[in-house]
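Asks: Sequence below, structure please.
(one chain, ligands or ions: 1)
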Amino acid sequence: MESKPALQNRVEVAVRVRPQFIEADSCCITCEKDSLEIVNHRDYTQNIKYKFTTVFDADSTQDDVYKTFVAPKLDKVFNGENMSVLAYGATGTGKTYTMIGTSDNPGIVPQALRDLFQTVETATNEMHTYKMKLSFLEIYNEKLIDLLLVRKSDLQIWEDTNKNIIVHGLTVKDIASYEEFESIFLPAMSQRTTVSSNLNSHSSRSHTILMVIIEKTQVCSPFRTSVSKIQFVDLAGSENNKLSGNKGLRMRESSCINKSLFVLHEVVDAIRRRQKRIPYRDSKLTRLLQDSFGGRSSALLLATIAPEERCYYNTYCTLNFATKSKKIVNNPALCQEDQACDPDLNVDNLQLDVAKEPVSSEISVGNASGNTSGSSVASPTSVDFDLARELLKDIQERTRMLKTTMEKENHSEKDKETTEGKCISNTGNLIDDISKTENSQSLRLCRRSSSLRVTFDMEKQSHSENQMSNKTRNAGILKNIVNSTPVRPIPTRKCHSEIRKRRYSEMDTVVSDSSKDDEILIKHRHKTHKNHILCLLNSQNKADILLLHTVGTRRADLIYDWQQEHGPFEKVEDLNQILDLGEKYVSTFMHRNFLHFDEENMDPGC
Ligand SMILES: Nc1ncnc2c1ncn2[C@@H]1O[C@H](COP(=O)(O)OP(=O)(O)OP(=O)(O)O)[C@@H](O)[C@H]1O
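Replies: Numbering: from 1, shown residues only. Presented below is the predicted three-dimensional model:
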């Protein structure tokens, strides 16, 4: 495969400034075509200048953004590459507007889908057919919700032995036309959780990921299928609770949003600093975006900012995040599979590829030296599987013909067996040879791919890595999918200390000398949890009390009434004073809330 120019693999970043809504507030941004300046808050006599691929000023239209930043890259997806388009920015800065838009001013998603369907139409010919599929999910309060289903439940993220990420049970729907896409997408979009806040009348309370899968299949033998996907990510905006006026449940939502965005920052920082451990697992968002930040997908990040001075701090933070992100180097690979040759590989398995494409493991994401060990491994000799399979078919065909001829010529039974036996044994040997070669090939490729997945800095990226042949990569991906052994659920961040310990012990090379830190961390977390439980118990809002495990409306009433009468609980054990709860229940309460306490229950106001 031809090596690609370094810049093509970096996360591409553009910034869009939304129009000024509050005239009274002065504008703090000056835009150029590919740069912008804001005042330096540390020294008002200076400006801070940022450079990006493109800067869209407040006058830019939806068309400008789509046609300049996204449309030219859609070809990549058609050529088998995975791609993510992400909107990032503070609340009310125009992420959803830019991604989805309105019926009069359609945003990136509808425009891209129109173009994709158009390309499918023109590209379909006697050689290839195309199939498009759709999945749509939101991450709300650290829960994965399938937006294509009416009944909402928290989906699980699973991981197979090849470190492929799978959203278990996620609906994948076929879409045959743009109209069909709209008929599925628009009702699903209306299911997304939004509320009115001081900063945005339709503020998104969740991150959404819309995945469009494109399957390209050869009409003739060998019926190859290549599967690629493009995902559109509309991140919920970071929020300052004082400005947004959030309380109670809104506060909890915003704490989940802020926390996952915080982890995203940490992931970006860790990749840039080439840390051993990239904290992808610390939130569901980063787990699902693993491929877009330091993985095998190309990524386009659109940072949205507001021009008003009162939004200065958010603008400054967004621009800094955008600047950090553009330094991340992804290592996109073409996804291709030989479906016809593998009867076990059914299309339904591929549907799950919305989040299943190979991703970098925490251990393989940059070792201490920032070296990718695999890069020094010479490319294994490429075995031409297609040729081997053709040969195999040929032998089988000849065996069949020989058998028929022998029967016709009334050869003796013995002769027939001997000749046929020879042919079959040859065939068997060839099958063995092929599968042995494939297995060893795939083993090597799997090892290589886990160490080759992430490159932090293209300048330091080894040349040999880029030169990995197209076929080798494809075969690697094919084997990654074909060899996928049963998946297992990943313990997500709901982890309590035990899971945390176990996870750390699994990550032998990474944290072998950090057990002390871990212990301190566990103690700290325990203390923090205790404070948060206490805080929820003392909340003036019954909805907050209901967030505690094992607390239903009756118990929430008892707890609320008690604190109204006696004042706030000083310690969690004070629950024993509510006689109606019973001693046994209090111990269950402790057990469940301490062991199963998850951070989504934390109220940031506490
Ligand atoms: N470029 C723009 N031109 C015109 N209106 C815009 C533009 N950008 C944003 N808006 C308007 O600003 C408001 C907030 O935009 P939007 O809902 O897209 O923000 P958001 O960043 O998605 O916020 P949140 O994170 O709270 O969901 C909307 O009413 C939207 O129509």
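
Asks: what residues does the stretch 51-200 of the chain put near the ligand?
Replies: Proximity of the stretch 51-200 of the chain to the ligand, by CB under 6 Å from any ligand atom, involves residues 89, 91-97, 200. Placement of C-beta: from N, CA and C, glycine included.

Asks: among those residues, which two are most distant?
Replies: Across these, the longest distance by CB to CB is 12.2 Å; it joins Thr91 and Tyr97.

Asks: Phe78: neighbour count?
Replies: Residues near Phe78, counting by other CB atoms under 10 Å, number 17.

Asks: got it, and the one 3 residues further on?
Replies: Glu81 has 20 neighbouring residues, counting by other CB under 10 Å.

Asks: for it, which residues make a bridge with it?
Replies: Judged by DSSP bridges, the bridge partners of Glu81 are Leu334.

Asks: coming back round to it: tell me which of Thr91 and Tyr97 has more neighbours.
Replies: Thr91 (25 against 19).

Asks: show me what contacts the residue lying closest to that one once chain neighbours are set aside?
Replies: Distances taken as CB to CB, 6 or more residues apart in numbering place Gly237 nearest to Thr91, at 3.3 Å, with adjacent residues excluded. Gly237 makes contact with 89-93, 95, 200, 203-204, 257 under the criterion CB atoms under 8 Å, 6 or more residues apart in numbering.

Asks: In a markdown table, list those residues along with distance to Met189, secondary structure and pLDDT.
Replies: Formatted as a markdown table, the contacts of Gly237 follow (distance: CB to CB, whole Å; DSSP: H, G, I helix; E, B strand; the rest coil; pLDDT from 0 to 100):
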| residue | distance to Met189 | secondary structure | pLDDT |
| --- | --- | --- | --- |
| Gly89 | 19 | strand | 92 |
| Ala90 | 21 | strand | 89 |
| Thr91 | 18 | coil | 86 |
| Gly92 | 18 | coil | 86 |
| Thr93 | 19 | coil | 91 |
| Lys95 | 14 | helix | 93 |
| Asn200 | 16 | coil | 56 |
| Ser203 | 15 | strand | 68 |
| Ser204 | 10 | strand | 73 |
| Ile257 | 18 | helix | 82 |
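
Asks: Sketch out the low-pLDDT regions of the protein for me.
Replies: The model of the chain has pLDDT under 70 over residues 1-8, 24-25, 162, 193-203, 239-251, 334-528, 595-606.

Asks: first vs last residue of stretch 71-87, how far apart are they?
Replies: With CA to CA, to the nearest Å as the measure, stretch 71-87 spans 15 Å from end to end.

Asks: same question but for stretch 70-77, I mixed them up
Replies: 11 Å.

Asks: contact partners of it?
Replies: 12, 83, 85, 108, 111-112, 115-116, 119, 214, 228-230, 298, 300, 332.

Asks: what residues does the protein put near the ligand?
Replies: Going by CB under 6 Å from any ligand atom, the residues of the chain near the ligand are 18-19, 89, 91-97, 200, 202-204, 236-237, 304.

Asks: Of the contacts of stretch 70-77, just the buried ones, ChimeraX syntax please.
Replies: Selection of buried members from those for ChimeraX, criterion 16 or more other CB atoms under 10 Å:
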select :12,83,85,108,111,112,115,116,119,214,228,229,230,298,300,332
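
Asks: Show me the contacts of stretch 70-77 that map onto strands.
Replies: The strands, defined by DSSP state E, take in 12, 83, 85, 214, 228-230, 298, 300 from these.

Asks: Tell me which two in the residues you listed are the farthest apart.
Replies: Glu12 and Ile214 (20.4 Å).

Asks: on that earlier part again, drop anything exposed from the contacts of Gly237.
Replies: Neighbour counting by 16+ other CB under 10 Å classes 89-93, 95, 200, 203-204, 257 among those as buried.

Asks: Touching, Leu581 and Arg554? I think so.
Replies: No: look at Leu581 against Arg554 with CB atoms under 8 Å: they stay out of range, at 9.9 Å.

Asks: Which one's more surrounded, these two?
Replies: More crowded of Leu581 and Arg554, by other CB under 10 Å: Leu581, with 19 against 10.

Asks: what residues are up against the more buried one?
Replies: Counting by CB under 8 Å, 6+ apart, Leu581 makes contact with 555, 558, 575, 589.

Asks: just the residues you listed now: which is nearest the ligand?
Replies: Arg555 (34.1 Å; CB to the nearest ligand atom).

Asks: What about the closest one, how many residues nearby?
Replies: 19.

Asks: my guess is Tyr560 meets Lys542, correct?
Replies: Yes: the pair formed by Tyr560 and Lys542 meets the contact definition of CB under 8 Å, at 5.4 Å.

Asks: When those two are compared, which one has more neighbours?
Replies: In this view Tyr560 and Lys542 are compared by other CB under 10 Å, and Tyr560 has more residues nearby, 19 against 14.

Asks: Against Tyr44, how distant is that one?
Replies: Tyr560 sits 49 Å away from Tyr44, going by CB to CB, to the nearest Å.

Asks: Arg18 too?
Replies: Remark: distance between Arg18 and Tyr44 (CB to CB) = 24 Å.

Asks: For the ligand, what's its nearest residue on the stretch 301-450 of the chain.
Replies: The ligand sits closest to Thr304 of the stretch 301-450 of the chain, with a gap of 5.7 Å, by CB to the nearest ligand atom.

Asks: Buried ones in the helix or strand where Ser587 lies, by neighbour count?
Replies: With secondary structure defined by DSSP states H and E, Ser587 is part of helix 583-595. Under the neighbour-count criterion of 16+ other CB under 10 Å, helix 583-595 has 586, 589-590, 593-594 buried.
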